[in-house]
Each structure stands twice: as C-alpha cells, then as structure tokens.
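Participant: below is the sequence, then the predicted model.
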Amino acid sequence: MLDPRLNKLSLDAHHALLRREADRHGPRLFEQPGSARPPSVVVTVRLAAGDDLATLGRLAELDCSRPLSGPVLIGEMCDRPVAALSLDGGDVIADPFEHSEEIIQLLRLRARQLDPPGAAPSVRRLRRALLPRVWRWRGAAAS
C-alpha cells in the first residue's frame, strides 16, 4: 500500500502539470479571428409588453404553435427573442433554430419566482396538470 503522503505529492504534481497545460492551451479554445476574449452571450428574461405581439407571433410561427396569450415572459439571447412562456398556463414557444433549452429553464425559474408562495394555482394550470392523467385513465377504460 502506498504511503498517503506520497500519494498526495503525486496528485499535487499531477494537478500542477494539468494547471500549467490548461493555462498554456486554455485561451486558444475560445479565440476567434480578431478577438482576444471568449465570446459572450447576453441573456435577458423580461415580461412581454404590448409592442411584443409581432415578436410573439413570429416565435409562434417558427414553433408551429398558436401565439401565447395573457402575461408572457420572453427570453432573449443577444437581444433576439428565442423563447416565451405563458404565465397563465405554462405553455412555451421557442425558435427551433436556436439553442433555447437553457433559456426555457430560466423562463420557468423566473415564472416560479413570480408566483407568490401559497398562492392557489390557476384553473388552467390545474387542468393542464390533470389532463394527461384523465386522458390515460379514459384510454385504459376504453381498452
């Protein structure tokens, strides 16, 4: 069995070697022509306003869905809308040509933050939560 002190020295040396290699090679992974910094992505989550109707319509068209109604959160990446979430029912529309999974997660997180603790869920949200169960139950009864 190896002495624990020898094992720690070996691990520390290996860690130092990996650090030096990362410092030497790491920045090159992010370099782009004419850029010395890693690319940055600005993400914005905001409530939709009246002038966002066209934007929501365009997103719904891209997603082959109906436009969202009621209060809506919009997720933007670099000032371009990529996803939207209805605060009434939790419906989501997203640009299928963008990587929007993480934006949708942020929208859902923000929607949960906006729900006051202890507030009763909306009828529409309850219906959406129960609908799959009722549908499965009816399907099982029909078989």
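Facilitator: Arrived safely. Numbers count the residues shown, from 1 in each chain.
Participant: pLDDT below threshold where in the protein?
Facilitator: Within the chain, the set of residues satisfying pLDDT under 70 comprises 1-2, 24-39, 116-143.
Participant: residue boundaries of the strands in the chain?
Facilitator: In the chain, the segments counted as strands under DSSP state E are 43-47, 72-77, 80-86, 92-94.
Participant: quick one: contacts of the last one?
Facilitator: Under the contact criterion Cβ atoms under 8 Å, 6 or more residues apart in numbering, strand 92-94 has outside partners 56, 59-60, 62-63, 65, 67-68, 82-86, 100, 103-104, 107. (C-beta placed from N, C-alpha, C; glycine too.)
Participant: what sits against L87?
Facilitator: Taking Cβ under 8 Å, 6+ apart as the criterion, L87 is in contact with 70-73, 111, 114.
Participant: tell me which two of those sit farthest apart.
Facilitator: G70 and L114 (12.9 Å; Cβ to Cβ).
Participant: export the strands of the chain to CSV and tack on mean neighbour count and distance to R19?
Facilitator: Compiled in CSV, the strands of the chain are given as follows (neighbours: other Cβ atoms under 10 Å; distance: least, Cβ to Cβ, whole Å):
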stretch, mean neighbour count, distance to R19
strand 43-47, 13, 30
strand 72-77, 22, 32
strand 80-86, 23, 36
strand 92-94, 24, 39
